[in-house]
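Colleague: Only the shape, not the letters, is given here:
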């Protein structure tokens, strides 16, 4: 089979490992820089050009669309879909997962467990919103942050109000989210492919850091998930419109609480852990 990995960095660990694994299985695979495409449109004939040349035929595409190129990256994936090329993750699924507010809205509608969350734009609504999610401490998140960047813990309502006001003054959209105290400093990442969890790890923050991301220095341990966590991760992935995803969940007293769905989960942490 001939397929393409859409990635901006050939030397990225995850991209390199996917390429190696494909070659070991006898597939022909190329890594194509997402930003080197041109999208051509005319009646009934969608085309893609890569580095100025008409793209040759591919059987499938594995998108690894980074947050910084979401808009153009999803347009490229959508063009492959219009050309009837199989895409491991759909353009709509990538868009859904990349926007934290949109993803939580979708999951809430489908009765998936999530931390209580509120989104406000008016300064006067901040303090009432904090009360509605259970009061301080609260988590404040940028809508499009990744790897723990743009995730803050506000210990008091006043500090939360100041943080939100500062971020909004910089034209940043933020979510205010209930702090799940029993899960402080740790979370679960489940790797879903199709209709099964193929691996999972618990990420544990170091020292006083509350963010457990590996990029923030967190450590990992392999974990075997029970049926409830597996079912939540698989259902979340499918609701988002994805086939491949990393689903981040908090271990709440009421069961799994989905924080985020990553359509291009990194492989280094899970490979080393499992």
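Modeller: Received, thanks. Everything numeric in this text was worked out from a predicted model, so none of it was measured.
Colleague: Number of residues surrounding the residue lying closest to residue 165 once chain neighbours are set aside?
Modeller: Once flanking residues are discounted, residue 165 sits nearest to residue 123: 5.9 Å by Cβ to Cβ, 6 or more residues apart in numbering. Every residue, glycine included, has its C-beta placed from N, CA and C. For residue 123, the neighbour count with other Cβ atoms under 10 Å is 12.
Colleague: Okay, helices next: where are they in the stretch 151-274 of the chain?
Modeller: For the stretch 151-274 of the chain, the helices defined by DSSP state H, counting those that start in this stretch cover 157-169, 227-240, 268-273.
Colleague: Just to check, residue 137 is in contact with residue 152?
Modeller: No: checked against Cβ atoms under 8 Å, the pair residue 137 and residue 152 is beyond contact range at 10.3 Å.
Colleague: Return the set of residues that bridge with the closest residue to residue 88 other than its chain neighbours.
Modeller: Spatial nearest neighbour of residue 88, excluding adjacent residues (Cβ to Cβ, 6+ apart): residue 62 at 4.7 Å. As for beta bridges, residue 62 partners with residue 5 under DSSP bridges.
Colleague: residue contacts, residue 62?
Modeller: 3-6, 18, 88-89, 244 (Cβ atoms under 8 Å, 6 or more residues apart in numbering).
Colleague: Roughly how far does it sit from residue 153?
Modeller: Residue 62 sits 35 Å away from residue 153, going by Cβ to Cβ, to the nearest Å.
Colleague: per-domain residue ranges of the chain.
Modeller: Domain segmentation of the chain under automatic domain parsing yields 2-88, 117-179, 182-273.
Colleague: out of the ones you listed, which comes closest to residue 100?
Modeller: In terms of Cβ to Cβ, the element of the domains of the chain nearest to residue 100 is domain 117-179, at 5.1 Å.
Colleague: The residue nearest to residue 165: what's it in contact with?
Modeller: So residue 123 contacts 161, 164-165, 168 (Cβ under 8 Å, 6+ apart).
Colleague: With distance to residue 183, neighbour count and pLDDT as new columns, can those be given to me in a markdown table?
Modeller: Formatted as a markdown table, those follow (distance: Cβ to Cβ, whole Å; neighbours: other Cβ atoms under 10 Å; pLDDT from 0 to 100):
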| residue | distance to residue 183 | neighbour count | pLDDT |
| --- | --- | --- | --- |
| 161 | 24 | 18 | 84 |
| 164 | 23 | 26 | 84 |
| 165 | 27 | 12 | 82 |
| 168 | 27 | 16 | 79 |
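Colleague: want to throw those residues into TSV with distance to residue 52?
Modeller: Converted to TSV, the contacts of residue 123 look like this (distance: Cβ to Cβ, whole Å):
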residue	distance to residue 52
161	52
164	46
165	48
168	42
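Colleague: which of these lies closest to residue 206?
Modeller: Looking across the contacts of residue 123 and measuring by Cβ to Cβ, the closest to residue 206 is residue 164, at 27.0 Å.
Colleague: Pretty sure that closest one sits against residue 126.
Modeller: Yes: taking contact to mean Cβ under 8 Å, the distance of 5.1 Å between residue 164 and residue 126 places them in contact.
Colleague: Overlap of the contact sets of these two?
Modeller: With Cβ under 8 Å, 6+ apart, residue 164 and residue 126 have common neighbours 120, 176.
Colleague: one step back: what's the most distant pair in the contacts of residue 62?
Modeller: Going by Cβ to Cβ, the pair spanning the contacts of residue 62 furthest: 4 and 244, at 14.9 Å.
Colleague: would you list every one of the strands in the stretch 101-250 of the chain?
Modeller: Taking DSSP state E, counting those that start in this stretch, the strands of the stretch 101-250 of the chain run over residues 117-119, 138-142, 151-154, 174-178, 186-193, 196-204, 219-222, 244-252.
Colleague: and the gap between the residue nearest to residue 165 and residue 91?
Modeller: 35 Å.
Colleague: Kindly provide the distance from residue 187 to residue 250.
Modeller: Using Cβ to Cβ, residue 187 is found at 5 Å from residue 250.
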